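Colleague: Fold the stuff below for me.
(2 chains)
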Amino acid sequence: MSAVAAPERRPSRGGLFAPVRHNLLLALLPFIVIAAVYLFASHQRLAENPQDKLLPSLGQMADAIDRLALKPDPQTGDYTLFVDTWASLKRIGLGVGIAALAGLLAGLNMGLLPRVRALFSPFLTFVSMVPPLAILPILFISLGVDELSKVALIFLGVFPVIARDLMIAAGQIPREQIVKAITLGASQSAVIYRIVMPQILPRLIDNVRLCLGGAWLFLIAAEAIASTEGLGYRIFLVRRYLAMDTILPYVFWITAIGFAADWLLRQLILRRFRWYVATA
Amino acid sequence: MAREKSHLLHLEDLYKSYGDKLVLENIDLSVSAGTLCSVVGPSGCGKSTMFRLVLGQEIADRGRLFVDGQPVAAPGEDRGIVYQRYSLYPHLTVIENAMLARTLPAGFAERRRRRAEFREEAMHYLERAGLAAHADKYPHELSGGMQQRVAIAQALIKRPKILMMDEPFGALDPETRESMQIFLLELWEAERMTIFFVTHDMEEAVYLGTRVVVLSQHYTDDRGTGANVRRGARVVGDYALPSAVASTKIKRSPEFIELADEIRRVGFDKDVLRHVTEFNLRHPDSFQTLSEEEARSARRTA
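Modeller: Numbering: from 1, shown residues only, chains lettered A, B, ... in the order given. Model (predicted):
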């Protein structure tokens, strides 16, 4: 009998067992396609009408960036992009930071203490259904149009989500661990803050990562309505002049900040909470 | 002398049910200090319920429960625990886990001041468990057997009056399991501590225990055999065993096999039902409180 080589079977390129190769290239592909489509469309429109504002060219956007980020404003002497970024980061940092801290404490205590949960959990569930943007006018009326109302809006949007998820996380800590800690001499507060809290800290960071998108939404909405500086304020200000050459770099900048924050938090988890990555 | 004073652990007339299901019925058990008491029974017989009652994690419906003469109402520092899982805290390294008995009760300032001292003490225990080289690893980086060694060291540093173990080797492969049994016996020899060891493996119970308590719902009494008779598990056998660190070869000796067989019959076999008045309660610490009805029936047969 002649030896016939069995036909070699390869996993299909797009199937469940596709090889893991060229992944960076694959990841870049959608970006390249979008950029190419944009540049082509922009080129076409500008060729027809050089005054067109809808799809500015790279050069026009570079001019806008130069004007807003690299040269001081002729009237105020400030670098506009820097001022806007700092104002927005301060608001979102305060709002999300306070919400994270309060959410951690609330979630821990609700998750572990049945009476605290019975008292606050239904209320929190109810409150979390209030659309934060719907009460933005109330915030402006009651807290004024300054920083406080903007931070409060972000807080109200983020806090219930974090508190509820951390309540679940704290409640999922095995009962055995808690009983064991008590036999090792832990007080109730030691159980809460030294046994359980360190274990849900990485989950808090994951929560913050997920909440950042929503937080930006609340921030830009608040800035669009009442502000004198901020990334969202600038975008809505120049909207009146159809200044797409400013809006597009600003959107890109906000996205880049969000992406960087997410990446940094992810790195924090990978480096400081090795056990969480390995066991979760 | 009252048994609750003379014995380190004393359970009397203990009942526990969950809703309609009666789990434990009239449990009587006294354990002297220094006993390695294994509790064995078929799965679902209420061993873990009994474990949680002794811990104080749950409260019995009826009956009395004392540890060192004190009624048990909540988990406390006089009882150390090793579970099958969840004994170690995943966010702490091995040495930090072992140090908990010292660091948890200490305030912030004391922890900082005495850190080196705590660490040294914990290190000593880890060395005895053969784990000094792994002190700075996280639990998930250790094998199952090593994790349980850390868990034992972690509990022992507290020097509990009773070391409570619930199926501690249940998740280990047979070889690791045997080496852990020897490790535990050597520790017990050296320290002569009181161990309350719950397992469903009768070989393990007989090999480890200086006393084997058989808990089972397979027994009979004068209440008849109707389906509406709810029987909870009782102590159906109680055996004293020679105490010595024996080679695991003993597991193949005729006496060992015979005892394991008897335990299998009285505890695990659904078709072998002994009457409450005929339980084999040979251990000198053993006692039995019978209900009035049972006592009457016992007098009749006597």
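Colleague: where are the low-confidence patches of chain B?
Modeller: B:1, B:224-227, B:243-246, B:292-302 (pLDDT under 70).
Colleague: could you redo the last one with a cut-off of 50?
Modeller: Along chain B, the model assigns pLDDT under 50 to residues B:1.
Colleague: How about the residues of it by chain A?
Modeller: Residues of chain B lying close to chain A (CB under 8 Å from any CB of the partner chain) are B:55, B:57, B:74-77, B:79-81, B:83, B:85-87, B:89-91, B:100-101, B:104-105, B:138-141, B:154-155, B:158, B:160. Placement of C-beta: from N, CA and C, glycine included.
Colleague: Filter those down to just the ones in helices.
Modeller: Using DSSP state H, the members of the residues of chain B next to chain A that fall within helices are B:L55, B:L100, B:A101, B:Q154, B:A155.
Colleague: Quick check: the farthest pair among the residues you listed?
Modeller: The span of these, defined through CB to CB, is set by B:L55 and B:L100 at 17.3 Å.
Colleague: picking that back up, by neighbour count, which of the ones in helices among the residues of chain B next to chain A wins?
Modeller: With neighbours taken as other CB atoms under 10 Å in any protein chain shown, the top of these is B:Q154, carrying 29 neighbours.
Colleague: I'd guessed it sits against B:A98; true?
Modeller: Yes. With contacts counted by CB atoms under 8 Å, B:Q154 reaches B:A98, the gap being 5.1 Å.
Colleague: Buried by neighbour count, from the residues of chain B next to chain A: which ones?
Modeller: When the residues of chain B next to chain A are checked for burial by 16 or more other CB atoms under 10 Å in any protein chain shown, the buried set is B:55, B:57, B:75-77, B:79-81, B:83, B:85-87, B:89-91, B:100-101, B:104-105, B:138-139, B:154-155, B:158, B:160.
Colleague: care to break chain B down by domain?
Modeller: Domain ranges of chain B: B:3-78+B:162-301, B:86-159, per automatic domain parsing.
Colleague: tell me the contacts of B:A33?
Modeller: B:H7, B:L8, B:K161, B:T194 (CB atoms under 8 Å, 6 or more residues apart in numbering or on different chains).
Colleague: Quick one: neighbours of B:L281, just the number.
Modeller: Other residues within reach of B:L281, judged by other CB under 10 Å, total 18.
Colleague: Which positions in the host helix or strand of A:A87 come out as buried?
Modeller: Using DSSP states H and E, A:A87 falls within helix A:80-112. Buried residues in helix A:80-112, counted by 16+ other CB under 10 Å: A:80-81, A:83-85, A:87-88, A:91-92, A:94-96, A:98-100, A:103-104, A:106-112.
Colleague: Just give the closest residue to whichever residue of the stretch 151-300 of chain B sits closest to chain A, not the sequence neighbours.
Modeller: At 5.8 Å from chain A, B:K158 is the closest residue in the stretch 151-300 of chain B, using CB to the nearest CB. Closest residue in space to B:K158, ignoring its immediate chain neighbours: B:A101 at 3.9 Å, by CB to CB, 6 or more residues apart in numbering or on different chains.
Colleague: Show me what residue of the stretch 51-200 of chain A gets nearest to chain B.
Modeller: A:G185 (3.6 Å).
Colleague: Any idea how many residues pack against that residue?
Modeller: Neighbours of A:G185 (other CB under 10 Å): 17.
Colleague: Could you report the pLDDT at it?
Modeller: A:G185 carries a pLDDT score of 92 in this model.
Colleague: Isn't it up against B:T103?
Modeller: No. Contact criterion CB under 8 Å: A:G185 and B:T103 do not qualify, at 9.2 Å.
Colleague: Which strands or helices does the top helix by length along chain B pack on?
Modeller: If you go by DSSP H, chain B has its longest helix at helix B:174-191. Contact analysis of helix B:174-191 by 3 or more CB pairs under 8 Å, 6 or more residues apart in numbering or on different chains; DSSP states H and E lists helix B:144-156, helix B:202-208 as its packing neighbours.
Colleague: Now tabulate the ones you listed in CSV and tack on distance to A:I141.
Modeller: Formatted as CSV, those follow (distance: least, CB to CB, whole Å):
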stretch, distance to A:I141
helix B:144-156, 57
helix B:202-208, 71
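Colleague: Now do the contacts for residue 71.
Modeller: By default, I'm working from chain A. Contact analysis of A:K71 by CB under 8 Å, 6+ apart lists A:Y79.
Colleague: To clarify, I was referring to chain B.
Modeller: Residues near B:P71 by CB under 8 Å, 6+ apart: B:R64, B:L65.
Colleague: And the one 3 residues further on, by the same measure?
Modeller: With contacts taken as CB under 8 Å, 6+ apart, B:A74 has the following neighbours: A:I182, B:G56.
Colleague: hmm, try it at 7 Å
Modeller: With contact set as CB atoms under 7 Å, 6 or more residues apart in numbering or on different chains, B:A74 has these partners: B:G56.
Colleague: Ok, the one 3 residues further on next?
Modeller: Contact criterion CB under 7 Å, 6+ apart gives A:T183, A:G185, B:K158 as the residues in contact with B:E77.
Colleague: again with A:F123
Modeller: With contacts defined as CB under 7 Å, 6+ apart, A:F123 has no neighbours.
Colleague: element containing it?
Modeller: For A:F123, the host element (DSSP H and E) is helix A:114-127.
Colleague: what angle do that helix and helix A:80-112 make?
Modeller: Interaxial angle of helix A:114-127 relative to helix A:80-112 (axes from the mean of the first three to the mean of the last three CA atoms, to 10 degrees): 140 degrees.
Colleague: buried stuff in helix A:114-127?
Modeller: Of all the residues in helix A:114-127, those buried under the rule 16+ other CB under 10 Å are A:R117, A:F120, A:S121, A:L124.
Colleague: Also stretch A:58-78?
Modeller: Neighbour counts over stretch A:58-78 (16+ other CB under 10 Å) mark A:Q60, A:M61, A:A64, A:I65, A:L68 as buried.
Colleague: Tell me the one of these nearest A:R10?
Modeller: Proximity of the buried residues of stretch A:58-78 to A:R10 (CB to CB) peaks at A:M61, which lies at 45.1 Å.
Colleague: residue contacts, the residue of the stretch 1-150 of chain B found nearest chain A?
Modeller: Proximity of the stretch 1-150 of chain B to chain A (CB to the nearest CB) peaks at B:P105, 3.6 Å away. Contacts for B:P105 (CB under 7 Å, 6+ apart) come out as A:G185.
Colleague: before we move on, what about the one 5 residues further on?
Modeller: B:E110 makes contact with no residue under the criterion CB under 7 Å, 6+ apart.
Colleague: quick one: it is in a helix?
Modeller: Yes. Per DSSP: H, G, I helix; E, B strand; the rest coil, B:E110 lies within a helix segment.
Colleague: mind checking how far it is from A:F17?
Modeller: For B:E110, the distance to A:F17 equals 57 Å [CB to CB, to the nearest Å].
Colleague: Please, which helix or strand holds the residue most central in space within chain A?
Modeller: In chain A, the centroid-proximal residue (CA atoms, centre = their mean) is A:L212; its distance is 2.1 Å. Remark: A:L212 resides in helix A:197-225, with elements defined by DSSP H and E.
Colleague: And chain B, is that helix touching that?
Modeller: Yes. Using CB under 7 Å from any CB of the partner chain, we find that helix A:197-225 touches chain B at A:P198, A:Q199.
Colleague: Next, the buried residues of that helix.
Modeller: A:197, A:199-209, A:211-212, A:215-225.
Colleague: again, but for stretch B:11-25
Modeller: By neighbour count with 16+ other CB under 10 Å, stretch B:11-25 contains the buried residues B:L11, B:E12, B:L14, B:K16, B:S17, B:L22, B:V23, B:L24, B:E25.
Colleague: For the fourth one, which non-adjacent residue is closest in space?
Modeller: Read that as B:K16. B:L24 (4.4 Å).
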